[in-house]
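A.B. asks: Give me a 3D structure for the following:
(one chain, ligands or ions: 1)
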Amino acid sequence: MGRLDGGQAVAIASGMAASAAVPGLMAPGRTLVLSEDCPQSVTGLAAVAAGKGQLNLERLATEDTEGWIRASRTVGMLWLESPSNPLLKVADLKAILAAPTGRDTLRVVDHTLATALNVRPLMLGADVAVQSATKFVGGHSDLLMGVVATRSSSLLAALKEARMLAGATPGALETFLALRGVRTLHLRLERAQDNARTLAARLAGDGRVRRVHYPGLASHPSHSHAVAQMAGPGAVLAFETHGTADDADATCRRLKLIRHATSLGGVESTLERRAAIPGQEHLPPTLLRLSVGIEHVEDLWHDLNQALGS
Ligand SMILES: Cc1ncc(COP(=O)(O)O)c(C=O)c1O
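C.D. replies: Modelled structure (predicted):
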């Protein structure tokens, strides 16, 4: 896993446990700048630490490249997720990670949705790359694991200590499943990404769909960053339908092949209305996140087509 990221990696018991090990790499009381568009779990972690006075929390929009570059000079830690979940915003990592930093500023990138095959944050200049291996690395929705990679031996030692003290060492079965997943990651991702490209294009041209969020589409605001820094746009997309949240829920209920479920990155496609999740009410009400699997693309389209109704 470390070699895929271009550094050395520590496997931790879940993506959340991996995320929890990261803020402690920064000196107490310093500022953590977190992207506005990142998992609620990570936001919660940072907010609780801020509430206890362990750090000062600031938020920045993923697309505010100048803001990230300015913050690099002064704050303790930048934390970006790219592409973001669920709006698939791609940060201008090339520009942000090439910017001069303060002496102790650490730049952290969560690349769970891209995987190391599509973006390698350490090679672009990040100090820490974090990912939930629960998703694409495991690939079969039967694994919980996180991975943190770095090129710094002192950060690696601190991460190993944090893992030990939290008791967050993954089990033997989990590490076996992750290794087995890595062996087919390139094949699964290639197929899932091809499917995602096709579905995104069809959804974008479909009158029942209001908007498609997918960095592989030229119309997506982050398309140019994706082309510049990613080997491929990935296999997760989101789309908004016309009508109400109830109509979008009805679409979810009509699915027959695609599973109506939260997790992503598995061989089977999953779809969820994200604003239905407590704490995610700020998202567009009909936004449906689709994690595209490796099924036959025409079977997936047939299911989406019938679920969207007339
Ligand atoms: C981008 C991202 N990072 C981290 C996590 C947490 O991962 P885990 O489910 O392995 O705890 C998630 C979970 O949804 C995620 O989407």
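A.B. asks: What sits closest to the closest residue to the ligand within the chain if chain neighbours are left out?
C.D. replies: Relative to the ligand, the nearest point of the chain is Gly15 (2.2 Å; C-beta to the nearest ligand atom). Glycine gets a C-beta too; all of them are placed from N, C-alpha and C. When the adjacent residues along the chain are set aside, Gly15 lies closest to Ser132, with 2.5 Å between them (C-beta to C-beta, 6 or more residues apart in numbering).
A.B. asks: do the same with His186
C.D. replies: Nearest in space to His186, with sequence neighbours left out and distances taken as C-beta to C-beta, 6+ apart, is Leu117 at 6.0 Å.
A.B. asks: beta partners for the residue nearest to Gly15?
C.D. replies: For Ser132, the residues forming beta bridges with it (DSSP bridges) are Gly146.
A.B. asks: Does anything pack onto the longest helix anywhere in the chain? Which helices or strands?
C.D. replies: In the chain, ranked by residue count with DSSP state H as the criterion, the top helix is helix 172-204. Packing partners of helix 172-204 (3 or more C-beta pairs under 8 Å, 6 or more residues apart in numbering; DSSP states H and E): strand 209-213, strand 236-241, helix 297-308.
A.B. asks: In the last one, which residues are buried?
C.D. replies: Buried residues in helix 297-308, counting neighbours by 16 or more other C-beta atoms under 10 Å, are found at 297, 300, 303-304, 307-308.
A.B. asks: Repeat that for the shortest one.
C.D. replies: Judged by neighbour count (16+ other C-beta under 10 Å), strand 209-213 contains these buried residues: 209, 211-213.
A.B. asks: From what I see, the residue nearest to His186 and Asp5 are in contact.
C.D. replies: No - if you go by C-beta atoms under 8 Å, Leu117 and Asp5 don't touch, sitting 10.4 Å apart.
A.B. asks: which of those two has more neighbours?
C.D. replies: The neighbour comparison of Leu117 against Asp5 (other C-beta atoms under 10 Å) goes to Asp5, with 26 against 18.
A.B. asks: Would you quantify the distance from the more buried one to Val148?
C.D. replies: For Asp5, the distance to Val148 (C-beta to C-beta, to the nearest Å) stands at 9 Å.
A.B. asks: and stretch 51-67, is it in reach of the ligand?
C.D. replies: No - applying C-beta under 6 Å from any ligand atom, one finds stretch 51-67 out of contact with the ligand, separated by at least 12.4 Å.
A.B. asks: For Ala250, the count of nearby residues, please.
C.D. replies: Residues lying near Ala250 (other C-beta under 10 Å) number 15.
A.B. asks: In the stretch 1-150 of the chain, where is pLDDT below threshold?
C.D. replies: By pLDDT under 70, the stretch 1-150 of the chain contains no weakly predicted segment.
A.B. asks: Show me which residues of it are close to the ligand?
C.D. replies: The stretch 1-150 of the chain has residues 14-16, 19, 39, 41, 81, 85, 110, 112, 132, 134, 144, 146 near the ligand, with proximity defined as C-beta under 6 Å from any ligand atom.
A.B. asks: mind listing which of those are in strands?
C.D. replies: Within those, residues falling in strands by DSSP state E are 81, 110, 132, 146.
A.B. asks: Does the second one touch Trp79 like I think?
C.D. replies: Yes - proximity of Asp110 to Trp79 meets the contact threshold set by C-beta under 8 Å, at 7.4 Å.
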